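In: Mind folding the following:
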Amino acid sequence: MSNLDLALIAILCGEVLGFLAFAKDKRRARAGLWRTPESMLLMFGLIGGLGAWMGQHILRHKTRKEPFRTQFGLVVLLHLILLAGGAAWVIL
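Out: Next comes the predicted model:
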């Protein structure tokens, strides 16, 4: 297995982890249980930005909560920039 394969698997795992973090928090919110801190959700956005963003929008979770919404958008943008930089580094 090449380094590129391992990197793609790691990225996929991060995206799935980001989605699952939002799914878990949404489920716990509905049940009235202890919630995931917003700082942790932002960290999951950095690790798996697209997956976390999809989780936020598909599950309609924290889509209207400010300033979290803006902070989360910036974190996902940073995630995408890091992915693009990593892809450019691998290609060059």
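
In: ok, which stretches of this structure are helices?
Out: Per DSSP state H, the chain carries helices over the ranges 3-31, 38-47, 49-58, 68-91.

In: So what angle separates the directions of the second one and helix 68-91?
Out: What separates the directions of helix 38-47 and helix 68-91 is an angle of 30 degrees, with axes from the mean of the first three to the mean of the last three C-alpha atoms, to 10 degrees.

In: Now do the buried residues in helix 38-47.
Out: Residues of helix 38-47 classed as buried by neighbour count (16 or more other C-beta atoms under 10 Å): 41-47. Every residue, glycine included, has its C-beta placed from N, CA and C.

In: quick one: contacts for the residue nearest to residue 48 when sequence neighbours are not counted?
Out: Closest residue in space to residue 48, ignoring its immediate chain neighbours: residue 18 at 2.7 Å, by C-beta to C-beta, 6 or more residues apart in numbering. By C-beta atoms under 8 Å, 6 or more residues apart in numbering, the residues touching residue 18 are 44-45, 47-53, 55.

In: hmm, 6 Å instead?
Out: Applying C-beta atoms under 6 Å, 6 or more residues apart in numbering, one finds that residue 18 lies in contact with 44, 48, 51-52.

In: what stretches of the chain score poorly on pLDDT?
Out: Of all residues in the chain, none has pLDDT under 70.

In: most packed of the helices of the chain?
Out: Comparing the helices of the chain on average neighbours per residue, with mean count of other C-beta atoms under 10 Å, the densest one is helix 49-58 at a mean of 20.
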